[in-house]
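*Asks:* Just a sequence and a predicted model for now, questions to come.
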Amino acid sequence: MSGNNLIINNEGRKRRITTPLIALLIAVVISIAFASVFVYYPMEVILQPVRPPVYFETGSNAGAYDLGGSDTTSNTISVSIGSNGASLNITVHPTYQTTVYKNVTKIVNRDSKGYNVWINIRWTNISIMVSSLGSTFPTQSQSSNVTICFVSSSRSTSGFPTPGYSVDVRCVSLQSTSTGLTYIGFLGARSSWEIDLYVYIPEGANIDGSTIYTAEIHLIYTPSGETPP
Amino acid sequence: MIYILILFLFVLSFDLIYGSVFVYYPSSMNISPTSPPLVFEAGYNVSCVDISRVSRGALFYTDFESIPSNWHMINGTLTGRGFIGVGGYWSIIDQGFKGRGLRGFPLLWQVREHKTYTPYYPDIRFVQQTTNAIRIDSYTAGASSLGNGYLMLIAPREFFNNTIINTRFNAYFSFTGTRAIGYIDLVNSTIDRRNDTVIFSTYGDCSPYWRKYNTPTYIWLYNVSQAGGPISYNINSTVGDLAGYDLYMTYVITLSDCWIQQTVYFDVFWMALYERSTGSLIYNFSFPYNSYSVVLERSDTYGDYGYLRFGIPGFTASYWGQDISSLTNLWISSKIMIRSGVGFGGIMLTNLSNYYIFSINSSGYANILRYSAGSWALLSYSSVPGYTNSTWYVLVVSYVRSGGTNSFTLYVYDVRGNLLTTITASDTTFTPKYAGLASYTSNLLYIDDVYDDFIVSTSDPRTVIFQNIPESGYMVYIIDNLNNIVNYTTSAGTTVYLGVVNDIVVGTGSDGKISITYPNNFLCINYTVSSSDAILGGDVYSLSYVRYSINIGSNKTSALASNIYISSSSYKISGAIPLKIYNNDVKPYYIRLILDTSSSISSYLTLNITIALSPSATADPIRIVGGSVVAGSSGWISLSGGSYAYIYVTGYYTSSGQSSTLNLYLEYCSLSNENGVCVFYPIQMVINS
């Protein structure tokens, strides 16, 4: 026994306080020393790209005559789909009152399992067009309505003086008050939906014939039931 | 550290089990609104609500589809086959101008003496008997008279068709042995008593020419053979269907005195016609003593001939039985066609003793004639340019009586309404009491006249007047019950005068239609006249119409038409064109109408709503019948760039005071079968009665 012990165990058990102190000191030293230690565990990540189970496809009215155009060139229902069906660009030319574009494009699921489908309106400048002159029909809305609609089987119009559009699945507004995520539905295995556009523009709203309004959206699909991030 | 590792592995395995895969496809939707390619424009803001007749000048009219009531024949009676008298035959035949017509055919008994053999000479007389018979007499002249004597009557074959001809006569033959002394035949031709060169030539035989040579053909009725006498005969000869025979036939009683040193006579009491099917009497031609005279046009020859004079020989007339003597301003009109024969046919004014005749004749002249005190006088005449027989003409007579003087104007038209000639006359002889028709055979053989469209009127029957037309450019049509357009014209103002000379009693004298159209020829109103009524020259109609409001939206993509008034009668179909649709694109669009279920529809409404490019190019309509929607959308039509289509409404209410609010859409698409892009424009129409 040395007289260097700092703690004297009166019961005769002397605790050596030096061991924890040394451990602590070692840990600190190790921490300082091992902070720049890199441990490499080998891992293998295999990426096996597959063709997309869900993809865009042109609808029956893609490329058909749209409203208006020049004396030599008619407007068309312009539909552009990426080479693998994983991106979509649509341009249409609606007019006053109710314009319906049926089956502009399709979303097809060729997988043997279904997927939940969402859309996320990331950005839109499709403002609500408002009539300043009033309508021939007082009950008619003075504000526009621009929606994208997903149709699984049937669609119908009803109501007067503005025919409301109801489809079997879901319509989502593309106007500037409507950004964010919206759940569309469950696209079953080996099935498809048609995509329509329904546009109502009140008489008296300003149409200059050259302005293009755009909504940037993501179509999101997932096998899970989670909300996409 | 192991804790951290364990934690990491847990999270990893959790993720693997639950597949938290989200696939994001970027998409952009580009909306470029454009001005509307199809726009509304206002149509006509007029709807025709009613059309009614406000006055009628006609006092009497008939199209002779049947014998009219209060129609009479001078010296004739109404039988089952029309009017028959000793002087004429008036019957309804199928060969009218439209449908049936009235035939006027004078009847005239002819007499003829005939030298049949070169060495022998007849002296045959025709003598009234106090026994009410006409005697064909080869007896009085003694045995030296040898030859034939004929009593003949020409009539249309319809006169004899399917009849039993009953001939009642006595025959005397001076010889005690039986010999042939006479024949009764129905000859398939008109036998002219003046025919010296053929029928009554000297050919060396006792029998009539047709018996000897079998031409013309004939129907044998009876052979008279006897000894002694007088013997009484009452012969019934059955005549069947005469289809295929000549239009005119001759009934002939032939006395044949062929026996040297013998004499013979026939006393003919009557020739009566009976219906073959029922045996009922049609008419009995008898020869009452002193009711006629025997007129010999040629006498003291061996071929004397003439006729029996009953009344005015060769003349027959029929008339409307209303006394018109108190009327001083009248119009009378009739169509006339001379089918065959020589003579005239025309309109008659009479007091039953005297006659004014307004006629055309087979020589192509228009005449105004007077018959009084036993003789004819020609008051005025003119040629009718281009006249031909078997052609219809229209006679229009204007008659004014003032201070005892009758002033007449006769207009002669063709059936296209062209005026061919006009003649006038004045006379003071008598006051007309009846108006009718008259036929006359001027060569005293036969004439066959047909009449149609007879009218007596206080106003000019050559025109129908339409009042209160909205403006110039509207078209007015008169259509007969056979769906022929009688005439039409375009209004130059608010009153339309539509000429109907070609068909003064329109169609076959019942129903018919009046149509008034907008300047673009879409229907404004269509009036179907009741079958118990008719459209007549001299009628005046008045149209009722309403101007309604049409509101179109600021960008011409919505429309509201209020208070469109339509007819409240199913006989009157109103039409309206509240809206036009203009395609200002260069490409066509496919368009249709849809009736929305929010519409409020009266149960009294029957209505068609359609889209039309023209009155003859219309889509299948939206149909409402008695308030029920039978078809809720129209058919599709293609509207070319730079073209118009019309929203066209036709229909009626069956009750007044009704209102319906119709909510519709115009749907148009860039491709057929609702493909491409489709647009919906709202339309509301409020329709009332």
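*Replies:* Received the coordinates, thanks. Numbering: from 1, shown residues only, chains lettered A, B, ... in the order given.
*Asks:* And what about A:Gly63, helix, strand or coil?
*Replies:* With DSSP: H, G, I helix; E, B strand; the rest coil as the basis, A:Gly63 sits in coil.
*Asks:* So it versus B:Val506, what's the distance?
*Replies:* 60 Å (Cβ to Cβ, to the nearest Å). Glycine gets a C-beta too; all of them are placed from N, C-alpha and C.
*Asks:* cool, and B:Thr494?
*Replies:* 23 Å.
*Asks:* okay, these two: which has more neighbours?
*Replies:* Counted by other Cβ atoms under 10 Å in any protein chain shown, B:Thr494 and B:Val506 do not tie: B:Val506 has more neighbours, with 32 against 14.
*Asks:* how much space between the more buried one and B:Leu445?
*Replies:* Taking Cβ to Cβ, one finds B:Val506 at 36 Å from B:Leu445.
*Asks:* cool, and A:Tyr55?
*Replies:* A:Tyr55 is 102 Å from B:Leu445, by Cβ to Cβ.
*Asks:* from what I can see B:Leu543 touches B:Phe466, true?
*Replies:* Yes. In this structure B:Leu543 lies within contact range of B:Phe466 using Cβ atoms under 8 Å: 6.5 Å.
*Asks:* Spit out the residues that contact the two alike.
*Replies:* Shared contacts of B:Leu543 and B:Phe466 (Cβ atoms under 8 Å, 6 or more residues apart in numbering or on different chains): B:Ile516.
*Asks:* B:Gly244: neighbouring residues, count only.
*Replies:* B:Gly244, neighbours per other Cβ under 10 Å, totals 7.
*Asks:* which phi and psi does it have?
*Replies:* Main-chain torsions, B:Gly244, degrees, to the nearest 10: phi 100, psi -10.
*Asks:* Also B:Tyr209?
*Replies:* phi -50, psi -50.
*Asks:* Equivalent analysis for the one 10 residues further on, please.
*Replies:* Main-chain dihedrals, B:Ile219, degrees, to the nearest 10: phi -110, psi 120.
*Asks:* show me the contacts for the nearest residue to it once chain neighbours are set aside.
*Replies:* Among residues not flanking B:Ile219 along the chain, B:Leu186 sits closest, at 4.2 Å (Cβ to Cβ, 6 or more residues apart in numbering or on different chains). Neighbouring residues of B:Leu186 by Cβ under 8 Å, 6+ apart: B:Phe160, B:Ile165, B:Tyr218, B:Ile219, B:Leu221, B:Ser237, B:Val239, B:Met249, B:Thr250, B:Tyr251, B:Val252.
*Asks:* How about the secondary structure of B:Leu186?
*Replies:* With three-state DSSP as the criterion, B:Leu186 reads strand.
*Asks:* And the residue of the stretch 401-550 of chain B closest to chain A?
*Replies:* Taking Cβ to the nearest Cβ as the measure, the stretch 401-550 of chain B has B:Ile550 as its residue closest to chain A, at 10.6 Å.
*Asks:* Now for that residue, how many residues are close by?
*Replies:* Other residues close to B:Ile550 by other Cβ under 10 Å number 18.
*Asks:* Verify the stated contact: it with B:Pro578.
*Replies:* Yes. Using Cβ under 8 Å, B:Ile550 makes contact with B:Pro578 at a distance of 5.6 Å.
*Asks:* Could you tell me how far the residue of the stretch 401-550 of chain B closest to chain A is located from B:Tyr44?
*Replies:* Counting by Cβ to Cβ, the gap from B:Ile550 to B:Tyr44 is 9 Å.
*Asks:* shared neighbours, these two?
*Replies:* Listed as contacting both B:Ile550 and B:Tyr44 by Cβ under 8 Å, 6+ apart are B:Pro578.
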